[in-house]
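Novice: can't give you the sequence, but here's the structure:
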């Protein structure tokens, strides 16, 4: 029997809705969840997703995607591919698993909130597919990492990281809580599917796949790029929601995009930047982090913002300047505080790697090279205690990343300093004017004490590095150390000294 | 390229045929293909289309349009998808300027 083409029946079927008569509309769609704001209720009738799919098509396609991902894993399981992967590259994967697997689970709830409280039946229908997608992503991330736990306990943090108070995870949790859990669903649709999933997650799940494949991690490249095919579809919830919001409340739309873009950019500077520019073996790097960000964000996402009539965020020049510095500052910090992470940061400053950094970032030597020279000198002189932390850096009250990492030393325009704010008798510190501005506007929903504030409040006992590490859940078998055992620094030992 | 649109395709046996089909379906467009190994970015100015018939012809087998979803990791522009055709395009043209923070700066 010939089947009717989807487009002949789909719009009617997915628009199933009803007039409420036993309860008030507000009782079913409370404002704090549904986020109608200035948008009249009838405006939602024209919500129309352009990337359509029926349930039978969804099931058939997802089955093929799963078969494709798991068959590659099964084939490679019997090979020696994993054992031959570079230790620096493995840390890219470990950081990814820990930072994303449980977030995907949180995204299930964000999608389900849109499926329940979205004011258009078409939107609610698409969000259900989104919830199924995110369930798949949480499961596949946990499953692929779980298989490697026997070889390396750091992979266990795919499951564990979000259950801890590790500082990087607190930064990620604060960012994603502000995007997925605390906003109403209109704001969530503009933050998560529109700004994050059509912008930033492409860098982590598609661009990073290019480095993964080049590094020989076929399994990882196959998995993350498969995940992103789901995101490309359900991310389309953002566009129609944004169009309606732009028509009735463009100021709110602009603010939501602006703040989400900034907090995502700060997080990616630690989640993605060091992996691409330091951990991935230099000969395997397809492009630099800055080049990938220019391709996917500064060009593609900016075109998208423009297409919906939005303006460029007010801090755009600072964001672009930050592509030269933020992730370098954060890499320096992560490497120095390496016992506080669940992966092994690759120093990545051997003479060859340094040449690559200076080629991609002409100011790198002036801003960061001299500090690495001090570290190299300490390593090669056996003064390892001077390369390790004795306390913690001050953290930004919005992004939870160290104050000073939205800047770099010897940088006149964005110097290393705090941007303080006194509020209700307490002084908060921020890494940048923009973090301070966003916190000020959203302080009721975004405020979460930093690790430093908790330390000073006496929540962490004993208040020593050992006490802090234990509080973060880091045990000696998973604490980070240099991925190459410091051998990259040996190239700086003068030939005569090396021979003696 | 001014305002490029188009798909980003993940590694797959079908990528070459799909790129050929896009070129076939857009004879008047200047199309750029960027191969980064794990993904291939196909870009054209303003609007690109891709038909099921062209993909089937290039692959030499029947093709369901939904199969494209398995290898399209992302796309630039907006998308319209029917059982016979996909179209990547832009909405209304706009000029870009900077948003001004009209918010009260905390002191």
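Specialist: Received, thanks. Here the structure is a predicted model, which means the values were calculated and not measured.

Novice: for chain B, which spans come out with low pLDDT?
Specialist: Judged by pLDDT under 70, chain B has its weakly predicted residues at B:92-107.

Novice: and the longest helix belonging to it, does that touch chain A?
Specialist: Identified as the longest helix of chain B according to DSSP state H is helix B:15-25. No: if you take CB under 8 Å from any CB of the partner chain as the test, helix B:15-25 misses chain A, and the best it gets is 11.7 Å. All C-beta spots, glycine's among them, are computed from the backbone N, C-alpha and C.

Novice: how about that helix: buried residues?
Specialist: The neighbour-count check on helix B:15-25 (16 or more other CB atoms under 10 Å in any protein chain shown) flags B:15, B:17-19, B:21-23, B:25 as buried.

Novice: Show residues contacting it.
Specialist: B:6-7, B:9, B:31, B:33, B:40, B:42, B:44, B:48-51, B:54-55, B:57-59, B:68, B:71 (CB atoms under 8 Å, 6 or more residues apart in numbering or on different chains).

Novice: Give me the buried entries from the residues you listed.
Specialist: B:6-7, B:9, B:31, B:40, B:42, B:44, B:48-51, B:54-55, B:58-59, B:68, B:71.

Novice: Help me confirm that residue A:265 is found in a helix?
Specialist: Yes: membership of residue A:265 in a helix is supported by DSSP: H, G, I helix; E, B strand; the rest coil.

Novice: Contacts only, for residue 38.
Specialist: No chain in the question, so chain A it is. A:248-249, A:252.

Novice: actually chain B
Specialist: A:206, A:209-210, A:212-214, A:221, A:225, B:10-11 are the contacts of residue B:38 under CB under 8 Å, 6+ apart.

Novice: ok, now residue A:459?
Specialist: Residue A:459 neighbours (CB under 8 Å, 6+ apart): residue A:471.

Novice: What ranges does chain B have for its strands?
Specialist: Assignment of strands within chain B using DSSP state E yields the ranges B:4-10, B:32-35, B:39-45, B:47-51, B:72-76, B:78-81, B:85-89.

Novice: The fourth one and chain A in contact?
Specialist: Same thing as strand B:47-51. No: judged by CB under 8 Å from any CB, strand B:47-51 and chain A are separated, with a smallest distance of 12.3 Å.

Novice: Point me to the residue of the stretch 251-400 of chain A nearest chain B.
Specialist: residue A:311 (3.9 Å; CB to the nearest CB).

Novice: so that residue makes contact with residue A:255?
Specialist: No: here residue A:311 does not reach residue A:255: they are 11.1 Å apart, not a contact under CB atoms under 8 Å.

Novice: low pLDDT regions in chain A?
Specialist: Ranges of chain A meeting pLDDT under 70: A:1-2, A:446, A:495-500.

Novice: ok, 90 please
Specialist: A:1-19, A:49-53, A:71-83, A:198-199, A:203-207, A:210, A:390-391, A:407-416, A:442-448, A:494-500 (pLDDT under 90).

Novice: Endpoints of stretch A:441-456, how far apart?
Specialist: One end of stretch A:441-456 to the other measures 26 Å (CA to CA, to the nearest Å).

Novice: List the buried residues of that stretch.
Specialist: Using 16+ other CB under 10 Å as the burial criterion, the residues of stretch A:441-456 that qualify are A:441-443, A:446, A:448, A:450-455.

Novice: Keep only these that also lie close to chain B.
Specialist: residue A:441.

Novice: So which of the buried residues of stretch A:441-456 are in helices?
Specialist: Per DSSP H, the buried residues of stretch A:441-456 map to helices at A:441-443, A:446, A:451-455.

Novice: Could you single out the nearest of the residues you listed to residue A:434?
Specialist: Relative to residue A:434, the closest of these is residue A:441; by CB to CB it sits at 11.0 Å.

Novice: How much space separates the closest one from residue A:78?
Specialist: 54 Å (CB to CB, to the nearest Å).

Novice: Please enumerate the strands of chain A.
Specialist: So, for chain A - with DSSP E - the strands run A:419-423, A:426-430.

Novice: so of those, which one's packed in deepest?
Specialist: Burial of those is given as mean neighbour count (mean count of other CB atoms under 10 Å in any protein chain shown); strand A:426-430 ranks first at a mean of 17.

Novice: ok, that strand: who's next to it in the sheet?
Specialist: Using DSSP bridges, strand A:426-430 pairs in its sheet with strand A:419-423 (antiparallel).

Novice: Touching the strand it pairs with from outside, list them.
Specialist: A:427-433, A:435-436, A:439-440, A:443, B:106.

Novice: next one: stretch A:45-61
Specialist: With CB under 8 Å, 6+ apart as the criterion, stretch A:45-61 contacts A:6-7, A:10, A:119-120, A:122-123, A:126, A:129, A:132, A:232-233, A:236-237, A:239-241, A:244, B:66-67, B:69-70, B:78-81.

Novice: rewinding a little: from the contacts of residue A:38, which land in helices?
Specialist: Filtering the contacts of residue A:38 for helices - DSSP H - leaves A:248, A:252.

Novice: Of the contacts of residue A:38, grab the buried ones for ChimeraX.
Specialist: The buried residues among these can be selected in ChimeraX (16+ other CB under 10 Å) with this line:
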select /A:249,252
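
Novice: and chain B, which of the contacts of residue A:38 contact it?
Specialist: Among those, not one lies near chain B by CB under 8 Å from any CB.

Novice: Dump the contacts of residue A:38 into TSV; add distance to residue A:28 as well.
Specialist: Listed next are the contacts of residue A:38 as TSV, based on distance: CB to CB, whole Å:
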residue	distance to residue A:28
A:248	21
A:249	22
A:252	23
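
Novice: Any chance of the strands of chain A in a markdown table with distance to residue A:70 as columns?
Specialist: Conversion of these to a markdown table gives the following (distance: least, CB to CB, whole Å):
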| stretch | distance to residue A:70 |
| --- | --- |
| strand A:419-423 | 48 |
| strand A:426-430 | 44 |
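
Novice: and of those strands, who's closest to residue A:141?
Specialist: strand A:426-430 (31.6 Å).

Novice: what's the closest one in contact with?
Specialist: For strand A:426-430, contacts defined as CB under 8 Å, 6+ apart pick out A:394-398, A:403, A:418-422, A:436, A:439.

Novice: got the angle for the longest helix of chain B vs strand B:39-45?
Specialist: For helix B:15-25 against strand B:39-45, the angle by axes from the mean of the first three to the mean of the last three CA atoms, to 10 degrees is 10 degrees.

Novice: just the angle between helix B:15-25 and strand B:47-51, please?
Specialist: 110 degrees.

Novice: Closest one of the ones in helices among the buried residues of stretch A:441-456 to chain B?
Specialist: residue A:441 (6.0 Å).

Novice: in terms of contact, does that closest one touch residue A:262 like I think?
Specialist: No: at 11.6 Å, residue A:441 and residue A:262 do not qualify as touching, with contact defined as CB under 8 Å.

Novice: List only buried entries from the contacts of stretch A:45-61.
Specialist: So, by 16+ other CB under 10 Å, the buried ones in the contacts of stretch A:45-61 are A:6, A:10, A:119-120, A:122-123, A:126, A:129, A:132, A:232-233, A:236-237, A:239-241, A:244, B:66-67, B:69-70, B:78-79, B:81.
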